[in-house]
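[1] can't give you the sequence, but here's the structure:
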């Protein structure tokens, strides 16, 4: 996984040390097409949907785009991110160990967490194989 230290240990590294990029965010009124373009341009698998004050309200992931947009036949140019986002945003403390983040994602059957406090950043669980 890009950005990880050499020989990463989930028990030694903190979430804050693995989050090297600024958060990718969009307004809840942004279209799915715009969100997907932002995600593609940034080469990330999620975007945090924020309210007008910048507080996280939801998250749109690559899985949401596949299942809630393409799979349901929605029009990306007119569907708003608020219509397909997962909410609430599941967060983890930046000082938590990476192992705790993986455990939380496994327990909830999700692939992305956001750090707290805002501005949040996404952390993705990678799959072996």
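    Right, received. Where do you want to start? No experiment lies behind these values; they were computed from the predicted model shown.

[2] quick one, helices of the protein?
    15-18, 32-42, 62-64, 81-84, 98-108 (DSSP state H).

[3] wait, doesn't residue 50 sit right on residue 57?
    Yes - using CB atoms under 8 Å, residue 50 is in contact with residue 57, at 6.3 Å. Placement of C-beta: from N, CA and C, glycine included.

[4] Touching both of these two, which residues are there?
    By CB atoms under 8 Å, 6 or more residues apart in numbering, residue 50 and residue 57 have these common neighbours: residue 28.

[5] I'd like to know how far the residue nearest to residue 64 when sequence neighbours are not counted sits from residue 67.
    Spatial nearest neighbour of residue 64, excluding adjacent residues (CB to CB, 6 or more residues apart in numbering): residue 84 at 5.3 Å. Distance of residue 84 to residue 67, given as CB to CB, to the nearest Å: 9 Å.

[6] Comparing those two, which residue is more hemmed in?
    Remark: of residue 84 and residue 67, residue 84 carries more neighbours, 21 against 12, as counted by other CB atoms under 10 Å.
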